[in-house]
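Participant: Need a 3D model of the sequence below.
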Amino acid sequence: MSDLLLLGLIGGLTLLLLLTLLAFAGYSGLLAGVEVSAGSPPIRNVTVAYKFHMGLYGETGRLFTESCSISPKLRSIAVYYDNPHMVPPDKCRCAVGSILSEGEESPSPELIDLYQKFGFKVFSFPAPSHVVTATFPYT
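Facilitator: Residues are numbered from 1 along each chain as shown. Okay, here's the model as predicted:
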């Protein structure tokens, strides 16, 4: 009788573990698709602080961490220049950083100085007329 009870507990715990993993995958966005669209840009004039990276795109995590550690409330941005399927991985280029301001507002000089102190460069993108965007609901 105790063997049957033990097997029932193991089965119940296994079922709970699987349901928890499935719920986590749904909550984090792993079961959602990537939405690609073209049209007007979601943001207008943008001023960003960035660092340039050449190499594997998978190695850019440290740059995201570095930019977020300077000002955690700012949104992150990355601009990928090359298709990794057509360019050797060690030659892929990208810029990773934080959005300092959007639209008509300009970033504070203190914020610009802070990012420049850590080696980031500051650049302002003009408002594009037409863009391609990809959205992935990762939580």
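
Participant: CA atoms for contacts and neighbours, from now on please.
Facilitator: Noted.

Participant: per-domain residue ranges of the chain.
Facilitator: Here the domain parsing of the chain from the TED database is 1-32, 37-135.

Participant: so of the ones you listed, which one's packed in deepest?
Facilitator: Most buried of those by mean neighbour count (mean count of other C-alpha atoms under 10 Å) is domain 37-135; its value is a mean of 15.

Participant: and the next element down the chain from the helix ranked longest in the chain?
Facilitator: The longest helix of the chain (DSSP state H) is helix 2-28. Next along the chain after helix 2-28, taking DSSP states H and E as the criterion, comes strand 35-39.

Participant: gap between the helix or strand just after that following strand and the chain center?
Facilitator: For strand 35-39, the following helix or strand on the C-terminal side (DSSP H and E) is strand 46-54. How far strand 46-54 lies from its chain's middle: 14 Å, per C-alpha atoms, centre = their mean, to the nearest Å.

Participant: Kindly report the same for stretch 15-25.
Facilitator: How far stretch 15-25 lies from its chain's middle: 25 Å, per C-alpha atoms, centre = their mean.

Participant: Ok, stretch 130-139 next?
Facilitator: For stretch 130-139, the separation from the chain centroid amounts to 10 Å (computed by C-alpha atoms, centre = their mean).

Participant: and if you look at stretch 66-76?
Facilitator: Chain-centre distance of stretch 66-76: 11 Å, with C-alpha atoms, centre = their mean.

Participant: Just the CA trace of that stretch, in CSV.
Facilitator: C-alpha atoms of stretch 66-76 as CSV (Å, rounded to 0.1, in the frame of the first residue of the first chain):
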residue,chain,number,x,y,z
GLU,A,66,26.5,47.4,-19.0
SER,A,67,24.1,49.9,-20.5
CYS,A,68,21.2,48.8,-18.2
SER,A,69,23.5,49.0,-15.1
ILE,A,70,24.2,52.7,-15.8
SER,A,71,20.5,53.7,-16.0
PRO,A,72,18.1,50.7,-15.4
LYS,A,73,14.9,52.7,-16.3
LEU,A,74,15.9,53.5,-19.9
ARG,A,75,14.9,51.2,-22.7
SER,A,76,17.6,49.2,-24.5
